[in-house]
Each structure stands twice: as structure tokens, then as C-alpha cells.
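In: Quick one, structure for this:
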Amino acid sequence: MQFYYVMDPMCAWCYGFEPELESFLLSIRTPENKPRVTWIMGGLAADTDIPMDEELKETIASYWHQIENKTSATFNHEYWTVNTPYRATYNACRAVIAAERLSIESSQKMVKAIQSAYYQQARNPSLDDTLIACADSIGLNVAEFEREFRSTETEQQFREHLGLVRHLQVGGFPALFFIDGQNRLYPLTHGYCQASHLAQRFNWIQSHVIVQDKN
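Out: Alright, predicted model coming up:
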């Protein structure tokens, strides 16, 4: 079973969605068939060195409260008083890609490290130092990570991710797609939802689309 998971490490709804995604993947896992997830970096906000204005900070801070009310996620709201926030997520995306290039199946570990730094420890993931510390926390060699993080190969791969996001016509995160044996993609969600919704959609595809193809 193969899936594309389109997300951004600095997307708060993706942070709230993580437990639902993990619950769904665990529910469909069998000894013979382990779900394989390709993490696609969505690029929520382009590079900038201009600090957020007060209106944008208040808007995003309000989203955190909404997400806490709807999901099991919790946030350290001190982030907004102890940092200079930037509306810039591309480097966090590059960091996940660099981690995966250095160590296979590190995407999720790096995303979780970034989310923990951002949402729990009130550290700024738009800053290189934070991302480097996240890489160190998951056991990556810091010098190797810094080289990979800034490499043209990582940048090229990130651009490929952005191209795939456009091809999939993803307008918001998180987005999850199931890929069948003929490389056809089926959307399971565009936006936050619970694991039960993912399971219902997945089971419908399995029974109505794939079964019909075999008949």
C-alpha cells in the first residue's frame, strides 16, 4: 500500500492531523502489507526575511486555538511573544528533504522534531539554527546535514516536490493520496479529518474501484 502525504512542517493543521494519520495507517497495516508513505513537502510560504505583521501573527495564533479545540494537539502559545516570526516555511521543507537524503525514512522523524521545536518548545523553525538542532536531535550528523540542507540537489528535489503539489492540484494541507497498483492516485483527504474518515474513504476505494477493476 502506497500513499503520498502532502504537508508542510510548519502547517498547524498538519500538526493536528498527525495522530489521525498515524491511527489510520496503523489500522490498515497487516503483517504482509505495511503502508509506505512518501512525504511531499508542500511549501506553505516562500522564503522571506520580513517579520510577520501584527495582523498576520494574530490570525495564525487564532488558528492554533481553533486547532486545539478541534483536535488533540496542544500548542505553546508563548511562541508569539518570545520570537520574531516569519511567514517562511521553505527552509523547514528543505530540512525534511535533506534529512531524508541522509537517512531513508527520516522524513517523519524530522517533521516531528520541527513540530516539537515550533509548537511545544516555542522555537523558531524559520531559522537555520533551529532546523540544524532538530537534525541533531534525530541523530543526524550536523555537518553532513548542513551541507545537504544547502545543496543544489536538495533544492532541486524541493522544486520537484512543489511541482508534484501543483500537478496534484493540492490547494491546502494536509492532503493524503492512495496510490493503487497501476499508479493511479485517489484522494483520501484535502484538509484535516479524523482517522475514521480516512478509513471510510480508503475502504470505499478498495471495494468500489479496485475490486471492479479485477472483475
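In: which SS state does Glu105 fall under?
Out: With DSSP: H, G, I helix; E, B strand; the rest coil as the basis, Glu105 sits in coil.
In: roughly how far apart are it and Val209?
Out: 28 Å (C-beta to C-beta, to the nearest Å). Using the backbone N, CA and C atoms, a C-beta is placed for each residue, glycine as well.
In: how far away is the closest residue to Gly171 other than its chain neighbours from Val142?
Out: Take Gly171 and drop its neighbours on the chain: the residue closest to it by C-beta to C-beta, 6 or more residues apart in numbering is His190, 7.0 Å away. Noted for His190: a distance of 36 Å to Val142, by C-beta to C-beta.
In: Between those two, which is the more surrounded one?
Out: Neighbour count, other C-beta atoms under 10 Å: between His190 and Val142, His190 has more, with 17 against 11.
In: That one bridge partners, please.
Out: In this entry, His190 is beta-bridged to Ala175, by DSSP bridges.
In: my guess is it contacts Gln169, does it?
Out: No - with contact defined as C-beta atoms under 8 Å, His190 does not reach Gln169; the gap is 9.2 Å.
In: Number of residues surrounding Thr74?
Out: Residues contacting Thr74 under the criterion other C-beta under 10 Å number 13.
In: cool, Ala95 as well?
Out: Ala95 has 27 neighbouring residues, counting by other C-beta under 10 Å.
In: do the same with Pro85
Out: 17.
In: Tell me how far the closest residue to it other than its chain neighbours lies from Glu68.
Out: Of all residues not flanking Pro85 in the chain, Met52 sits nearest, at 4.7 Å (C-beta to C-beta, 6+ apart). Distance, Met52 to Glu68, using C-beta to C-beta: 20 Å.
In: Looking at the two, which is more packed in?
Out: Met52 (20 against 15).
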